[in-house]
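Undergrad: here is the input, now give the coordinates:
(4 chains)
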There are 2 protein chains.
Amino acid sequence: MASSEKEALKVAYGTENPKRIPAHQQVYFKLREQILFGELAPGQPVTIQGLVENLDAGMTPVREAIRRLTAEGALEFQGNRRVTVPTPTPGGIEELIYARQAIEPELVRRAAKIITADDIESLTKIDNDLDAAITRGDVGAYLRHNYAFHAKLYAVAQSPILTEIADGLWLRFGPSLRVVCGRIGTQNLPDEHKETLQALSVGDGARAAEAIRQDVMQGMQQVKDSLNL
Amino acid sequence: MASSEKEALKVAYGTENPKRIPAHQQVYFKLREQILFGELAPGQPVTIQGLVENLDAGMTPVREAIRRLTAEGALEFQGNRRVTVPTPTPGGIEELIYARQAIEPELVRRAAKIITADDIESLTKIDNDLDAAITRGDVGAYLRHNYAFHAKLYAVAQSPILTEIADGLWLRFGPSLRVVCGRIGTQNLPDEHKETLQALSVGDGARAAEAIRQDVMQGMQQVKDSLNL
DNA sequence: CACAAAAAGATTTGATCATATTCTGGCAGT
DNA sequence: ACTGCCAGAATATGATCAAATCTTTTTGTG
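TA: Sure, this is the predicted structure:
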């Protein structure tokens, strides 16, 4: 019967199921990953045609993804028609330091008010994976889990605008972080996550916020020092 | 001589002169204007085809401009494939309040350290135009000059990343500001610009920053109250 | 018989692509 | 060195396909 087909369609495509992810979004996420976790180094040029081949996508979607990432500060318009991964500057790092320590502690304060036991559990799990990556010296895994930890905190805070801003900041220093980790390894990197988790588990938002602030400041300081900026 | 032509070209095309502005940027700026100062109200749908006619541009440039503004938070993806001007929410306004009072005073602190007499003069001029607009009750001019004042402060601060963030925040509350002004007129709107200017002219960065913070907080409070959020 | 809910069709709008056009940067020839 | 051409890359257009909404028609029930 026709109605059963219809039914099947409703189940498959239903309320908010897989749907069909537009190509431009897929490209955006892929490229974002590459910027955050590695493949792309600061200063590296990004060409449309290169991505068309690399990501096996059409030209229009690639173009839109690049525009979006440019707006988010992850890529930089070079005036002529060239686009590159931005190179860090002393002033830029200073700005990022200020912005992160202004935004992230507030997100943690907000998160602390509404965090659940489940949330704390998954944060703990992420942090364990992070520790494992550090002892293994696995830079890629370190970067991913470190980001995952912070991103999970943002998600808990339920503050979409502040989260978008924080995510934008990550995109700006991600490539540099990668370079620094590749240079000095995963030891000696800051980790105030334990302190943060403990404070969160007893509902002490102020202490958690301060711990994250320390984490952020130490990490950014590390970047600044390692790049001689 | 050929060298004189070269000279002329350098002057004309030089460091950052007119060049030829790509269509997607033109569309971006036009649309940005419409969002910041008016034509587009919160909740209003934005269609690609509509803009193609309205702005007399091709489909690709319009598409790219929309992506960029979506990334900046000025437009919102509606899950299906529709894009609208975001509607303010209580939580959203709270986030904007926090973000603005975290970012803008810092920009003023930075500006205070390097501001010149010329800068102060042009700020004063902008503020006079602003006052004129207020007494005239000209909402459009008020919005433009008010933005111009803050934007000039950002420009003086020479902090591109923080400036981009601040500009992004303007895009998010611009439409609401418009609605509020249309409702309550231009009287009763905050103006701590005189105080800011005076503090800047005597090199008191801390006082200037605090004055701007007041200006920001009062303005956002006004928005919050007027929208019953 | 009237009304409301559902289905089918029509229409608008978004996504993607192939292609034409314009611009940039390098290279050769003076 | 300088000027002018050329290859390659980016920009922009319009056509085509797919999806979502709107409209109309059908159908079932009180």
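Undergrad: the nearest residue to residue A:88 once chain neighbours are set aside - how many residues pack around it?
TA: Spatially, and ignoring its direct neighbours in sequence, residue A:88 is nearest to residue A:176 (4.7 Å; C-beta to C-beta, 6 or more residues apart in numbering or on different chains). Glycine gets a C-beta too; all of them are placed from N, C-alpha and C. The tally of other residues near residue A:176 (other C-beta atoms under 10 Å in any protein chain shown) stands at 24.
Undergrad: equivalent analysis for residue A:56, please.
TA: Using other C-beta under 10 Å, residue A:56 is surrounded by 9 other residues.
Undergrad: and the next helix or strand past the worst-scoring helix or strand of chain A on mean pLDDT?
TA: Lowest by mean pLDDT, DSSP states H and E among the helices and strands of chain A is helix A:2-13, with a mean of 32. Next helix or strand after helix A:2-13 toward the C-terminus (DSSP states H and E): helix A:23-37.
Undergrad: packing partners of the helix or strand following that following helix?
TA: Scanning forward in sequence from helix A:23-37 by DSSP H and E, the next helix or strand is strand A:45-46. On a contact count with 3 or more C-beta pairs under 8 Å, 6 or more residues apart in numbering or on different chains; DSSP states H and E, strand A:45-46 meets strand A:83-84.
Undergrad: does any part of the strand it packs on sit near DNA strand C?
TA: No - with C-beta under 7 Å from any atom of the strand as the criterion, DNA strand C is not reached by strand A:83-84; the gap is at least 11.7 Å.
Undergrad: helices or strands up against that strand?
TA: Against strand A:83-84 (3+ C-beta pairs under 8 Å, 6+ apart) you get strand A:45-46, strand A:76-77.
Undergrad: check which helix or strand the residue nearest to residue A:88 maps to.
TA: Going by DSSP H and E, residue A:176 is part of helix A:160-184.
Undergrad: buried residues in that helix?
TA: Residues of helix A:160-184 classed as buried by neighbour count (16 or more other C-beta atoms under 10 Å in any protein chain shown): A:161-181.
Undergrad: so that helix versus helix A:23-37, what angle?
TA: If you take axes from the mean of the first three to the mean of the last three C-alpha atoms, to 10 degrees, helix A:160-184 sits at 50 degrees to helix A:23-37.
Undergrad: can you name the next helix or strand after helix A:160-184?
TA: helix A:193-201.
Undergrad: mean confidence score for the very next helix or strand once past that next one?
TA: Downstream of helix A:193-201, the next assigned helix or strand under DSSP H and E is helix A:205-226. Taken as a whole, helix A:205-226 has an average pLDDT of 95.
Undergrad: likewise for stretch A:191-202?
TA: Here the average pLDDT along stretch A:191-202 is 95.
Undergrad: up against chain B, what does chain A have?
TA: Residues of chain A found near chain B (C-beta under 8 Å from any C-beta of the partner chain) are A:16, A:22, A:24, A:60, A:63-64, A:67-73, A:79, A:91-92, A:95-96, A:98-99, A:102-103, A:106, A:158-162, A:164-165, A:168, A:172.
Undergrad: ok, which of those residues also contact DNA strand C?
TA: Okay, of the residues of chain A next to chain B touching DNA strand C (C-beta under 7 Å from any atom of the strand), that's A:22, A:24, A:60.
Undergrad: could the helices and strands packed on strand A:83-84 go into JSON lines alongside mean pLDDT and mean neighbour count?
TA: Shown next, in JSON lines, are the helices and strands packed on strand A:83-84 (pLDDT from 0 to 100; neighbours: other C-beta atoms under 10 Å in any protein chain shown):
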{"stretch": "strand A:45-46", "mean pLDDT": "94", "mean neighbour count": "17"}
{"stretch": "strand A:76-77", "mean pLDDT": "94", "mean neighbour count": "16"}
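Undergrad: Throw those strands into CSV and include distance to DNA strand C, thanks.
TA: Below are these laid out as CSV (distance: least, C-beta to the nearest atom of the strand, whole Å):
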stretch, distance to DNA strand C
strand A:45-46, 11
strand A:76-77, 12
